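>>> Take a look and give me a structure for this.
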Amino acid sequence: MAEMVISGVSTAKVGRVMEEICGKSFSKQSVSEAYIELDVAVDAFCNHRLKTTTCL
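Numbering: from 1, shown residues only. Predicted structure coming up:
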């Protein structure tokens, strides 16, 4: 998500993509909140530690 901000992707563009995917429109506030939540989730996923496993 940070890359989208750096690249200059507007909330309106993100909203249009969400509308295309979900089949309904969202308010600017909803798009902004979803954007923030998704950014947190993606960051957590990218930075989590993998479990150590032993292969047999």
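
>>> Return the set of buried residues in stretch 43-56.
For stretch 43-56, a neighbour-count test (16 or more other C-beta atoms under 10 Å) marks nothing as buried. C-beta: built from backbone N, CA, C; applies to glycine.

>>> Would you mind measuring from the residue nearest the centre of the chain to residue 47?
Relative to the mean C-alpha position of the chain, the nearest C-alpha, by C-alpha atoms, centre = their mean, is the one of residue 38, at 3.4 Å. Remark: distance between residue 38 and residue 47 (C-beta to C-beta, to the nearest Å) = 15 Å.

>>> Same question for residue 19.
30 Å.

>>> and what of residue 29?
Separation of residue 29 from residue 47 (C-beta to C-beta) stands at 27 Å.

>>> Summarise which helices and strands the longest helix along the chain is packed against.
Longest helix in the chain, counting residues (DSSP state H): helix 28-47. Counting contacts by 3 or more C-beta pairs under 8 Å, 6 or more residues apart in numbering; DSSP states H and E, helix 28-47 packs against helix 11-22.

>>> Off-centre distance for the helix it packs on?
12 Å (C-alpha atoms, centre = their mean, to the nearest Å).

>>> Any chance you could list what contacts it?
Contacts with helix 11-22, where a contact means C-beta atoms under 8 Å, 6 or more residues apart in numbering, come from 4, 25-26, 28, 31-32, 34-35.
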